[in-house]
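Student: Okay, structure incoming, though there's no sequence with it:
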Ligand code: TRH
């Protein structure tokens, strides 16, 4: 089967990150994938080795490449990004002649219960080169009534074989057995108080600050202060970003894709949700915490970290982290009992 995935990078890394994982997941099953992306520059570090079966097409203007492109069997429009009109026209022509062809609008991830109602709904197209076709909404999600989450079939095996000390040494991180914390965030208001708390101890902690906005929020400086040691990381290939989360005892993640990867990592995590102007992200965060079954300390930590509560951050002592770990692992077990997104998407388009 031939897939075209269309991706516009709005901001940050998540648009590219999600589409790249989806493209790799489809190609790993023997399908041919073209990933049309308007800003492929981020893939230079996120996916430096590429992936057999995935062709990245710079989607700089709507016609040049698209004019020459054959129609795909499945057209995936990530996050309502309006695919190239020429590809859409060819896709529509072929659908009219030979029938078939699926057009999917891949939506953002949300734990909000409305997702279960919207997942799979058809949307007839009345205008433009795709007029007459019907696109269908595909919602990733956390429950069996949604499209599920991206998860490679060999993920548990790779995690089992992962050697944290070797990975850290390979990355030049001078780990001395301290508690390890990854930091991937926007500009959380409570970052300064987290840093101060970790400096005070009592547990020695090493924070691995990721590239981009996180290291602008916590800029490179002294690598040791009190009980806190810090490393600033270069941009990591996506596979190595996963390794980072597997290596750490606590992960701070943000957006969409890293949230899912933190769940797969099975370690305690704190999520900074992508902020929306209308504050809709607050309800979305609570929907996620409800689904997760977050204990009070984890809920409060999230509310403070996301700027929804002026309270102090709960202490990150061993008992608290142990409780969070149990919560994450129970959630992970629930998710592992459900089909992954690629399997569900393939079944969905066959309907
Ligand atoms: O970068 P993000 O904040 O992306 C966000 C969200 O997707 C949000 O929903 C969307 O609306 C907005 O972008 C436009 O966080 P996210 O989703 O976790 O994506 C980060 C990706 O970057 C993920 O695939 C992991 C990858 N990554 C690396 O591969 N290497 C790195 O070094 C880092 C820091 C990230």
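Tutor: Alright, I've got the coordinates. Since the model is a prediction, treat every value here as computed from it, not as a measurement.

Student: So which residue of this protein lies furthest out from the middle?
Tutor: Ranked by distance from the centre of the chain (CA atoms, centre = their mean), the top residue is residue 97, with 37.4 Å.

Student: Tell me which stretches of the stretch 201-350 of the chain form strands.
Tutor: Using DSSP state E, counting those that start in this stretch, the strands of the stretch 201-350 of the chain run over 205-209, 224-225, 228-232, 250-254, 269-272.

Student: and the ones you listed as JSON lines, adding distance to the ligand and mean neighbour count?
Tutor: The C-beta positions use only the backbone N, C-alpha and C, and glycine is treated the same way. Shown next, in JSON lines, are the strands of the stretch 201-350 of the chain (distance: least, CB to the nearest ligand atom, whole Å; neighbours: other CB atoms under 10 Å):
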{"stretch": "strand 205-209", "distance to the ligand": "9", "mean neighbour count": "23"}
{"stretch": "strand 224-225", "distance to the ligand": "23", "mean neighbour count": "12"}
{"stretch": "strand 228-232", "distance to the ligand": "11", "mean neighbour count": "20"}
{"stretch": "strand 250-254", "distance to the ligand": "5", "mean neighbour count": "25"}
{"stretch": "strand 269-272", "distance to the ligand": "8", "mean neighbour count": "25"}
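
Student: Minimum distance to residue 302: which of the ones you listed has it?
Tutor: Residue 302 lies closest, by CB to CB, to one member of the strands of the stretch 201-350 of the chain: strand 269-272, at 6.3 Å.

Student: Tell me the strands beside that closest one, with direction?
Tutor: strand 250-254 (parallel) (DSSP bridges).

Student: now the partner strand against strand 205-209, angle please.
Tutor: Orientation of strand 250-254 against strand 205-209 (axes from the mean of the first three to the mean of the last three CA atoms, to 10 degrees) gives an angle of 20 degrees.

Student: how long is stretch 98-114 end to end?
Tutor: 35 Å (CA to CA, to the nearest Å).

Student: do stretch 146-155 as well
Tutor: 21 Å.

Student: next one: stretch 222-241
Tutor: 24 Å.

Student: who's in contact with it?
Tutor: 17, 20-21, 45-49, 171, 173-174, 176, 178, 195, 198-212, 215, 218, 220-221, 243-244, 258, 261 (CB atoms under 8 Å, 6 or more residues apart in numbering).

Student: Okay, and which of those map to helices?
Tutor: Of the contacts of stretch 222-241, the ones assigned to helices by DSSP state H are 17, 20-21, 45-46, 195, 198-200, 215, 243-244, 258, 261.

Student: who's in contact with residue 306?
Tutor: 188, 272-273, 281-282, 285.

Student: Need the nearest residue in space to the residue in the stretch 201-350 of the chain positioned nearest to the ligand, chain neighbours excluded.
Tutor: Closest residue of the stretch 201-350 of the chain to the ligand, CB to the nearest ligand atom: residue 255 (2.3 Å). Nearest-residue entry for residue 255: residue 14, 4.3 Å, with adjacent residues in sequence omitted and distances by CB to CB, 6 or more residues apart in numbering.

Student: separation between the one you found and the ligand?
Tutor: Using CB to the nearest ligand atom, to the nearest Å, residue 14 is found at 2 Å from the ligand.

Student: Surely that residue is in contact with residue 257?
Tutor: Yes - if you go by CB atoms under 8 Å, residue 14 and residue 257 touch, sitting 5.3 Å apart.

Student: Name the residue in the two with the higher neighbour count.
Tutor: Higher neighbour count among residue 14 and residue 257: residue 257, with 24 against 20, using other CB atoms under 10 Å.

Student: got a list of what the spatially closest residue to the more buried one that is not a sequence neighbour touches?
Tutor: Nearest residue to residue 257, sequence neighbours excluded (CB to CB, 6+ apart): residue 17, at 4.3 Å. Contacts for residue 17 (CB under 8 Å, 6+ apart) come out as 46, 238, 257-258.

Student: Show the backbone phi and psi for the residue nearest to residue 255.
Tutor: phi -70, psi -40 (degrees, to the nearest 10).

Student: ok, residue 105 to residue 35 distance?
Tutor: 16 Å (CB to CB, to the nearest Å).

Student: Who has more neighbours out of those two?
Tutor: residue 35 (28 against 19).

Student: For that one, give the beta-bridge partners.
Tutor: Assigned bridge partners for residue 35, using DSSP bridges, are residue 5, residue 56.
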